[in-house]
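Engineer: sharing a sequence plus its predicted fold:
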Amino acid sequence: MPSRTPCIAANWKMHKTVAEAGQFVDALLPQIAATQSDVVICPPFTALTAVVERRYGTAVKVAAQNMHEEDSGAFTGEVSASMLVELDVEAVVLGHSERRQYFNESDEALARKVPAALAAGLEPILCVGESEQARDAEQTEAVLERQLQADLAGVEGTALSQVVIAYEPIWAIGTGRTATPRQAQETIAFIRDVLRERGAAADEVRILYGGSVKPGNAAELLGQPDIDGALVGGASLDPGDFAAIVAAA
Ligand code: PGA
């Protein structure tokens, strides 16, 4: 089985000014100097450059939190893949449940965004996850399969290994409720099976867990065989907490 480099990503959401982003990176870098993992910081658009400039020569990669599928056009308020690449951004979070829920992000748009990101040389971090009602109704696998098939429809088998998947159960995001390591492992193994059916090099795809990951629960989650990293929201806002999660990988 190919070994997968762990990936720990900080999703800052709509937090941190340029000044605060700079302070965070300055505090974080000495604490993660020895890591062998990929460390990804996802700042708001306005703070991308502040993080990019500080992370040259380090293990840190920078991701945007969203992008538009077109390269340019009359789309007020949107940003394209080539605009991110110009800033030396390397990755982009796509389909986060907050974007699906509050901004009508659709599977149709994601089916275009994922290939657009790949074509521009950005690593897509595609988020999928079920609601609490879906889990209670034992629809978790059906929901995930539908999202994966729809969102990855435009990605050829071999390119799939360049996509990072983040499994984020909606009921665990920002709630303090974490999926148990066993639930997360089982669900992520299912996601890998879905990818395998698509003919992908599924053992090469990194699949992260997200949802109330904290320093205290990170090691057990990251110790599961199919969990290749974490997408961290609240606990990524503090450099010490985030460094502790990086150290657990
Ligand atoms: P959380 O957020 O760690 O605050 O639950 C995770 C996410 O939304 O990516």
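Structural biologist: Yep, it's here.
Engineer: just the buried residues of stretch 240-249, please?
Structural biologist: Asp241, Phe242, Ala243, Ala244, Ile245, Val246, Ala247, Ala248, Ala249 (16 or more other Cβ atoms under 10 Å). All C-beta atoms are positioned from the backbone trio N, CA, C, and that covers glycine.
Engineer: count the neighbours of the residue in the chain that the ligand sits nearest to for me.
Structural biologist: Minimum separation of the chain from the ligand (Cβ to the nearest ligand atom) falls at Gly233, amounting to 2.2 Å. By the criterion of other Cβ atoms under 10 Å, Gly233 has 23 neighbours.
Engineer: what's the closest non-adjacent residue to it?
Structural biologist: Asn11 (5.1 Å; Cβ to Cβ, 6 or more residues apart in numbering).
Engineer: strands of the protein, start to end?
Structural biologist: For the chain, applying DSSP state E gives strands covering 7-11, 38-42, 60-64, 91-94, 123-128, 164-167, 207-210, 229-232.
Engineer: what's the most buried one of those?
Structural biologist: strand 229-232 (a mean of 30; mean count of other Cβ atoms under 10 Å).
Engineer: list the contacts of that strand.
Structural biologist: Strand 229-232 is touched from outside by 6-11, 37-38, 93, 125, 127, 166, 168, 206, 208-210, 213, 218, 221-222, 242, 245, 249, with contacts defined as Cβ atoms under 8 Å, 6 or more residues apart in numbering.
Engineer: need the residue closest to the centroid of this structure.
Structural biologist: Ile125 (4.2 Å; Cα atoms, centre = their mean).
Engineer: tell me which residues touch that residue, please.
Structural biologist: Counting by Cβ under 8 Å, 6+ apart, Ile125 has contacts 9, 40, 42, 63, 91-94, 164-166, 208, 231.
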